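[1] After the sequence you'll find the predicted model.
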Amino acid sequence: MKWRRCGWIAVWLVWPGCTGWAFVPHWVDVRGLVPSIETEIRYAGASNFVGEVIDGYHAPRCLLTEPAADALACAQRRLEPWGRGLRVYDCYRPQRAVDHFARWAADLSDQRTKQTYYPYVDKAELFDAGYIARRSGHSRGSTVDLTLVAGDAPLDMGTPFDFFDPASHTDSPSVSDTARNNRSLLRAVMEECGFENLAEEWWHYTLRDEPFPDRYFDVPVE
Ligand SMILES: [Zn+2]
């Protein structure tokens with residue numbers, strides 16, 4: 001009886017108790033929805049803290065659930081009259097990519113990217129300090145990493161994306177007034193459109209009413 005109940009319910013919604021159900025959300029390609037949003041999908045290339053293409057990123061695409069993509073379009077619309085726009089670094093992230101991060105963090109012999117991404121943090125502490133985790137909200141499909149641009153130029157946000165350091169905290173007092181203002185502008189616009197910032201990362205936003213709050217997907221980005 002249980003499988004039958006799961007099957008019927010799954011026609012209407014995703015039933016969390018139905019393990020093994022290979023449900024895939026209807027992903028929206030953000031560039032298809034809003035071509036003016038810039039994409040620089042870091043994990044689909046080598047320009048990231050691991051230093052190589054991350055598992056599950058077969059294409060440099062920003063895929064999100066429909067409500068998250070609509071909310072991102074809202075933010076872009078609000079910025080455009082001010083000559084500002086969004087550049088996204090990461091969107092939906094398969095679980096296998098998060099597993100790749102964890103493998104990298106456990107390999108203390110690999111310090112190739114230290115100078116660029118975590119110069120002041122010991123790699124052995126990345127898990128305990130919360131910079132690397134076994135799961136990510138990105139795998140739920142309604143979380144995005146992004147920055148602001150003016151034309152083609154990214155604005156000064158005080159630190160680079162994925163810089164593992166307290167200076168990346170959105171309200172860090174250690175960055176310039178300009179960077180703090182830019183972080184505040186990004187947060188204001190994203191909050192108006194339904195997102196919530198992660199206080200430890202100025203670039204990380206999750207849709208407040210995300211449609212799959214308990215699901216961690218693992219289909220590759222194609
Ligand atoms: Zn993020």
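    Nice, I can see it.

[2] separation between D152 and the ion?
    Distance from D152 to the ion, counting by Cβ to the ion, to the nearest Å: 23 Å. C-betas here are computed from N, CA, C, even on glycine.

[3] which parts of the chain sit against the ion?
    Within reach of the ion by Cβ under 5 Å from the ion, the chain has these residues: 145, 204.

[4] Which residue does the chain have closest to the ion?
    H204 (3.6 Å; Cβ to the ion).

[5] residues making contact with the one helix or strand that residue maps to?
    Per DSSP states H and E, H204 falls inside strand 201-207. Contacting residues not belonging to strand 201-207 are listed as 65, 67-68, 71, 89, 137, 142-147, 157-159, 161-162, 168-170, 183, 186-187, 190, 194-198 [Cβ atoms under 8 Å, 6 or more residues apart in numbering].

[6] Describe which strands that strand pairs with in its sheet and in which direction.
    strand 143-150 (antiparallel), strand 195-198 (antiparallel) (DSSP bridges).

[7] Only C-alpha atoms, please: export the longest one in CSV.
    Extracted C-alpha coordinates of strand 143-150, given in CSV (Å, rounded to 0.1, in the frame of the first residue of the first chain):
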residue,chain,number,x,y,z
THR,A,143,19.7,29.2,-3.3
VAL,A,144,22.0,31.4,-5.3
ASP,A,145,25.5,32.9,-4.9
LEU,A,146,25.8,36.3,-6.6
THR,A,147,27.2,39.8,-6.8
LEU,A,148,26.4,43.2,-8.2
VAL,A,149,27.7,44.6,-11.5
ALA,A,150,27.7,48.0,-13.2
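
[8] So what touches it?
    38, 62, 64, 68, 72, 79, 83-91, 93, 136-138, 154-155, 157, 161-162, 182, 185-186, 195, 201, 203-207, 210.

[9] rerun at 7 Å
    Identification of contacts with strand 143-150 by Cβ atoms under 7 Å, 6 or more residues apart in numbering yields 38, 64, 68, 72, 83-91, 137, 154-155, 157, 161, 182, 185-186, 203-206.

[10] Now the buried members of those residues.
    Taking 16 or more other Cβ atoms under 10 Å as the criterion, what is buried in those is 38, 64, 68, 72, 84-91, 137, 154-155, 157, 161, 182, 186, 203-206.

[11] that older thread, show me what the residue of the chain closest to the ion is bridged to.
    Bridge pairing for H204 (DSSP bridges) gives the partners D145.

[12] Check the burial of the closest residue to R140 other than its chain neighbours by counting its neighbours.
    Nearest residue to R140, sequence neighbours excluded (Cβ to Cβ, 6 or more residues apart in numbering): F212, at 5.1 Å. Using other Cβ atoms under 10 Å, F212 has 17 other residues around it.
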